[in-house]
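S.K.: Predicted model and sequence follow; I will ask about them next.
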Amino acid sequence: MKKIVMVLAAAVMAFAITGCGGSKTATVKIGIYEPASGDNGAGGKQETLGAIYANEKIPTVTIAGKEYKVELVRVDNESSNDKAVTAASELVSKGVSIVLGSYGSGVSIAASDTFLAAGIPAIGITCTNPQVTLGNEHYFRICFLDPFQGTVLASLAHDKFNAKKAYVLAKLGDDYSVGLANYFIEGFKKQGGEVVYETFPEGTSDFAAYVTNAKNMGADVFCSPVSTEAAALIIEQANTQKLGMPILAGDTWDSNVILNAAKGTNVDINVTTFFAEGSTDAKVADFVKDFRAWINSNPSNLTDNGGNDIVAANPVMAYDAYNVALEAIKAAGSTKGEDIMKALPGISYTGITGLIEFDATGDAKREGAYIKHANNSDASWEFVAIQKIN
């Protein structure tokens, strides 16, 4: 009787391991290191959506002739540098082979050494601060950098709005916000502009005084590369006080949160970003159509996209980053992080957002930025132009 029970137990265990198909399914894990809460939770949720969509479209990858299921392992870094290492360590402990993220340069920089120590490569999706990839061989990214983005914003202020004085507001201690603000200031001053620069501390919820300062100081433009949470509050005050000048911001403002906050107001919002709807390219148009249908198929997806089906840059960039990761895994012929890391510099992939190749620092060789303007009547983005690198 004991022998029969042991045989049955072994059979059950074998079935659990192999499944109905008779062979164990091999799995490779990709870490999704993104904020689902905190100041940058809205952007993090959108990037996560793009990765989930990519995983549903392409759920497997062939490694050295064998098919592997791709499993996404998600953590919430809470938009906090203090929580970054804990979140990154969780991905390491769960055996991911490569990491995507994060929305927010500060948390990317804070987690970098954790991924390095584990020998796991990471691909930044929209983290634009140069420090993310500088001086290391494991962090890559598929977006342009803030030195370029700051220059584009400065040129926009000078060329489009004929601005002579700019008011710049950044979040104290935020690598992205302060970094991009400084690059804008540098570019604007080179064009002969005058700058008034202020910062606000963590936890600020009332931006009335800052908007008042911008008006009283006679600024021509208001530049504030901050999180979507802070941006929504700035827009509210700008509308209440009738700011009377264009607001310029970077990629964090390319969000449905911004459009919803600006709807019905008189606030003039202009942003630089990585992607814009409305392309005549068939591949891009088909992607937008299919992704929009996917967003609308699930109320949870719609909520995480900001409550509507507008296709911002964040999920599209995440879709491309997922596919770049698959290309690196295939090229490595391995699930080991060290092997994938060695393969990444040689990857060349044409995604929805264009050709993605890496330079010696691990940064994408991007050639331009999209400039978009908020239509406050119907809460949509209007494509303005593509600004190329000179």
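M.R.: Here it is on my side, so go on.
S.K.: Other residues contacting whatever helix or strand D339 lives in?
M.R.: In the assignment (DSSP states H and E), D339 maps to helix 337-343. Helix 337-343 is contacted from outside by 97-98, 118-121, 137-138, 325, 328-329, 331-334, using Cβ atoms under 8 Å, 6 or more residues apart in numbering. Every C-beta, even on glycine, is put in place using the N, C-alpha and C of the backbone.
S.K.: what do you get for stretch 272-292?
M.R.: Taking Cβ under 8 Å, 6+ apart as the rule, stretch 272-292 contacts 53, 126, 143-144, 149, 152-153, 156, 249-251, 254, 309-313, 315-317, 319, 352-353, 366, 369-372, 381, 383, 387.
S.K.: Please list the members of these that lie in helices.
M.R.: Taking DSSP state H, the ones among these that sit in helices are Y53, Q149, V152, L153, L156, A313, P315, V316, M317, Y319.
S.K.: Out of the residues you listed, the closest to L344 would be?
M.R.: Using Cβ to Cβ, M317 is the member of the ones in helices among the contacts of stretch 272-292 that sits closest to L344, with 16.5 Å.
S.K.: I figured the closest one hits C127, correct?
M.R.: No. Between M317 and C127 there is no contact under Cβ atoms under 8 Å: 10.5 Å.
S.K.: higher neighbour count, these two?
M.R.: More crowded of M317 and C127, by other Cβ atoms under 10 Å: M317, with 30 against 27.
S.K.: which residue packs closest to the more buried one, ignoring adjacent ones?
M.R.: Spatial nearest neighbour of M317, chain neighbours left out: I125 (4.9 Å); criterion: Cβ to Cβ, 6 or more residues apart in numbering.
S.K.: Next, the buried residues of the helix holding D339.
M.R.: For helix 337-343, burial by neighbour count (16 or more other Cβ atoms under 10 Å) applies to G337, D339, I340, M341, K342, A343.
S.K.: Max pairwise distance over these: which two?
M.R.: Greatest spatial distance in the buried residues of helix 337-343: G337 and A343, 10.7 Å, computed using Cβ to Cβ.
S.K.: what residue ranges in the stretch 201-350 of the chain are flagged as low confidence?
M.R.: Under the criterion of pLDDT under 70, none of the stretch 201-350 of the chain is flagged as low confidence.
S.K.: which residues of it fall in helices?
M.R.: Under the criterion DSSP state H, counting those that start in this stretch, helices of the stretch 201-350 of the chain are mapped to 208-216, 228-240, 256-262, 282-296, 299-304, 313-332, 337-343.
S.K.: So which of these is the most surrounded?
M.R.: helix 313-332 (a mean of 25; mean count of other Cβ atoms under 10 Å).
S.K.: relative to helix 282-296, how tilted is it?
M.R.: 110 degrees (axes from the mean of the first three to the mean of the last three Cα atoms, to 10 degrees).
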